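[1] Generate a structure from the sequence data that follows.
(one chain, ligands or ions: 1)
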Amino acid sequence: MPIEVWTWPTPNGHKVHIALEELGLPYTVVPVNIGAGEQFKPDFLAITPNHRIPAIVDPDGPGGQRLTLFESGAILIYLAEKTGKLLPADPAGRYRALEWLMFQMGGVGPMFGQYGHFHAYAPEQIPYAKERYAKEVGRLHRVLDKRLSDAAYLAGEEYSIADIATFPWIRNPERRNIDLADYPNVKRWHDAIAARPAVQRGVQVLAQNQRVGSMTEKEREVLFGNTQFQAR
Ligand SMILES: N[C@@H](CCC(=O)N[C@@H](CS)C(=O)NCC(=O)O)C(=O)O
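    Just a heads-up that it's a prediction; the model follows:
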């Protein structure tokens, strides 16, 4: 039975789409339009109390039991362990992959997200916030560049879920006013991953739903207003 992926075409969604394509696992997509507030519907809340995409339902989870899972990092670890792929087999390599996966989950994702918020979405211009997250985005690119000057991929010589988690946040660098020419090792790594057929398929999942142009008032209210913050 295919894995259900509750998702939307955003960087965190793309991680799971890419991993599933790389692994060749059968999956079906359940679109959750986060601009329209579908993340607050009871059927989605039953899978994730955090009402954020992505989440999965694997009818054939551990012990043959149905498994629901949210948080993209946990989903990537699960898919890697389910298949025995995309995580180095040797313990040191495995911890290296988990280290960079956590770096993405706790650093790159949240910081780049805040950069986007204060540069593109905040209703008022807050120079301190804009500058803080721009500096943090630059710093995180420098850390990645240094790592990738020592190794082909984040975990070492093997492509892993750490790369899959990070790539969707590095593509479209112009969104963060980043020129990858300033980070040559990140650029080399980015170009190698972007050329992978599974990655090209993964970023196309639900691509027709990607927002073009600026956010509507309704989307702004759902994502940043009372709808987002009401108790559930
Ligand atoms: N740490 C979570 C973050 C998930 C997340 O922030 N998802 C965003 C889209 S990229 C979302 O669902 N936003 C909906 C909302 O803010 O209401 C993960 O990696 O899965």
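
[2] how about residue 157, what does it touch?
    Taking CB atoms under 8 Å, 6 or more residues apart in numbering, we find residue 157 in contact with residue 151. Placement of C-beta: from N, CA and C, glycine included.

[3] mind checking how far it is from the ligand?
    Distance, residue 157 to the ligand, by CB to the nearest ligand atom, to the nearest Å: 26 Å.

[4] and if you look at residue 35?
    Going from residue 35 to the ligand by CB to the nearest ligand atom gives 9 Å.

[5] Count the residues that sit near that residue.
    Residues near residue 35, counting by other CB atoms under 10 Å, number 16.

[6] ditto for residue 44
    18.

[7] What helix or strand is it located in?
    Here residue 44 is covered by helix 42-45, with elements defined by DSSP states H and E.

[8] Return the list of helices and strands in contact with the next helix or strand after that helix.
    For helix 42-45, the following helix or strand on the C-terminal side (DSSP H and E) is strand 55-58. Other helices and strands packing on strand 55-58, by 3 or more CB pairs under 8 Å, 6 or more residues apart in numbering; DSSP states H and E, are strand 3-7, strand 67-70, helix 72-83.

[9] quick one, what contacts residue 159?
    Contacts for residue 159 (CB under 8 Å, 6+ apart) come out as 86, 153, 193.

[10] hang on, isn't residue 20 packed against residue 7?
    No - using CB atoms under 8 Å, residue 20 makes no contact with residue 7, being 10.1 Å away.
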